[in-house]
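**Student:** Please work out how this folds:
(one chain, ligands or ions: 1)
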Amino acid sequence: MEINRETGRSSPIGVFDSGVGGLTVVREIMRQIPNEKIIYFGDTARVPYGSKSKETVTRYSEQIVRFLRTFSVKTIVVACNTASACALDTLEKDIDIPIIDVVKPGAKNAAEVTRNGRIGVIATEATIASQIYTEYIKQLNRNVTIYGKACPLFVPLVEEGLLEDPVTDEIARRYLSELIDIDIDTLILGCTHYPLIRSTLGRIAGENVTLVNPAYETALELKRRLESLDLLNDDPPALGANQYRFFVSDKAEKFVRFANSIIKYGILSAKAVNIEEY
Ligand code: DGL
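**Tutor:** The predicted structure is shown next:
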């Protein structure tokens, strides 16, 4: 596969996730740096990543990075906690463009906002098993305790669009009860799918718990990194010039319907690609 390495300010940003979750990060990037072009890839054929091994998630992530690089992206945002936890080290090893992950920005924010030092993290099984949030938060503040809880049913519920639904409510109650019992005051939404059920999670966690959505902090970090490298796009892309392009590995129409329900920008199409070829 040909990789075009010529990049500059007007080159697009590559963003990927296992499915629709990364759109919560895309939404923030669109808000905070509206001049940027985005190439999004959602691995809808192979979602969920959270129940798969580190080796498998790393292989998938490497394929996606190779695909995104065919568009001469100037940076890559790993808009998936599971891929950040499992594959970031490998991806960073041999790449000459910046890579932004979603875990560090969320960990930093949680370490700053907790008052009682009890932080809950909800995420996929793979992210919780990696202990990555504990590792990063402890580097910033040794005096906090981090309680992780894997919530494997949330991703399929979100992918099915059950964002406000009694079933989601019931599952959330079960998953969050032990974190509420140990009196956490901060809850990291450690999977990019979870901000889509934020109102359910907030209602069940209660008003004394601050929810941390790493998407906002990730977009901010991306903006800072591009600024410091003089890579922010300063000329607004011409209307209709393919500013945002979406690719998936399966079920493109379902993805477009979902994406349009959460992103204000009208997404007309997504293209299905055979990611195994990369
Ligand atoms: N949205 C992803 C994350 O942030 C992955 C969910 C999954 O595929 O299991 O972890």
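**Student:** For residue 1, give me the pLDDT.
**Tutor:** Per-residue pLDDT puts residue 1 at 45.
**Student:** The one 4 residues further on now?
**Tutor:** What the model reports as pLDDT for residue 5 is 60.
**Student:** And for residue 240?
**Tutor:** At residue 240, the predicted lDDT confidence score is 67.
**Student:** in the protein, which spans are helices?
**Tutor:** With helices called from DSSP state H, the chain shows them at 23-32, 54-69, 81-93, 103-113, 125-130, 132-140, 154-159, 166-181, 198-205, 214-228, 252-262.
**Student:** Of these, which is nearest the ligand?
**Tutor:** When those are compared by C-beta to the nearest ligand atom, helix 81-93 sits nearest the ligand, at 3.5 Å. Every C-beta, even on glycine, is put in place using the N, C-alpha and C of the backbone.
**Student:** between the closest one and helix 132-140, how many degrees?
**Tutor:** Relative orientation of helix 81-93 versus helix 132-140 (axes from the mean of the first three to the mean of the last three C-alpha atoms, to 10 degrees): 70 degrees.
**Student:** residue ranges with poor pLDDT in the protein?
**Tutor:** Scanning the chain for pLDDT under 70 picks out the ranges 1-5, 238-241.
**Student:** With the ligand as the reference, measure out to residue 213.
**Tutor:** Note on residue 213: its distance to the ligand, by C-beta to the nearest ligand atom, to the nearest Å, is 11 Å.
**Student:** Run a quick neighbour tally on the residue nearest to that residue when sequence neighbours are not counted.
**Tutor:** Closest residue to residue 213 apart from its sequence neighbours, by C-beta to C-beta, 6 or more residues apart in numbering: residue 195 at 4.8 Å. Neighbourhood size, residue 195 [other C-beta atoms under 10 Å]: 23.
**Student:** Would you convert the helices of the chain into JSON lines that also reports mean neighbour count and distance to residue 14?
**Tutor:** Converted to JSON lines, those look like this (neighbours: other C-beta atoms under 10 Å; distance: least, C-beta to C-beta, whole Å):
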{"stretch": "helix 23-32", "mean neighbour count": "22", "distance to residue 14": "11"}
{"stretch": "helix 54-69", "mean neighbour count": "20", "distance to residue 14": "3"}
{"stretch": "helix 81-93", "mean neighbour count": "23", "distance to residue 14": "11"}
{"stretch": "helix 103-113", "mean neighbour count": "22", "distance to residue 14": "17"}
{"stretch": "helix 125-130", "mean neighbour count": "21", "distance to residue 14": "21"}
{"stretch": "helix 132-140", "mean neighbour count": "18", "distance to residue 14": "22"}
{"stretch": "helix 154-159", "mean neighbour count": "22", "distance to residue 14": "22"}
{"stretch": "helix 166-181", "mean neighbour count": "15", "distance to residue 14": "31"}
{"stretch": "helix 198-205", "mean neighbour count": "17", "distance to residue 14": "25"}
{"stretch": "helix 214-228", "mean neighbour count": "20", "distance to residue 14": "11"}
{"stretch": "helix 252-262", "mean neighbour count": "17", "distance to residue 14": "17"}
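**Student:** which of the residues in stretch 183-194 are buried?
**Tutor:** Neighbour-count burial for stretch 183-194 flags 184-194 (criterion: 16 or more other C-beta atoms under 10 Å).
**Student:** Turn the helices of the chain into TSV, including distance to residue 268.
**Tutor:** Converted to TSV, those look like this (distance: least, C-beta to C-beta, whole Å):
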stretch	distance to residue 268
helix 23-32	15
helix 54-69	21
helix 81-93	27
helix 103-113	31
helix 125-130	33
helix 132-140	36
helix 154-159	21
helix 166-181	29
helix 198-205	27
helix 214-228	23
helix 252-262	8
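**Student:** Of all the ones you listed, which one comes closest to residue 48?
**Tutor:** Proximity to residue 48 (C-beta to C-beta) singles out helix 154-159 among the helices of the chain, at 4.6 Å.
**Student:** helices or strands next to that closest one in the packing?
**Tutor:** Of the remaining helices and strands, those touching helix 154-159 by 3 or more C-beta pairs under 8 Å, 6 or more residues apart in numbering; DSSP states H and E are helix 166-181.
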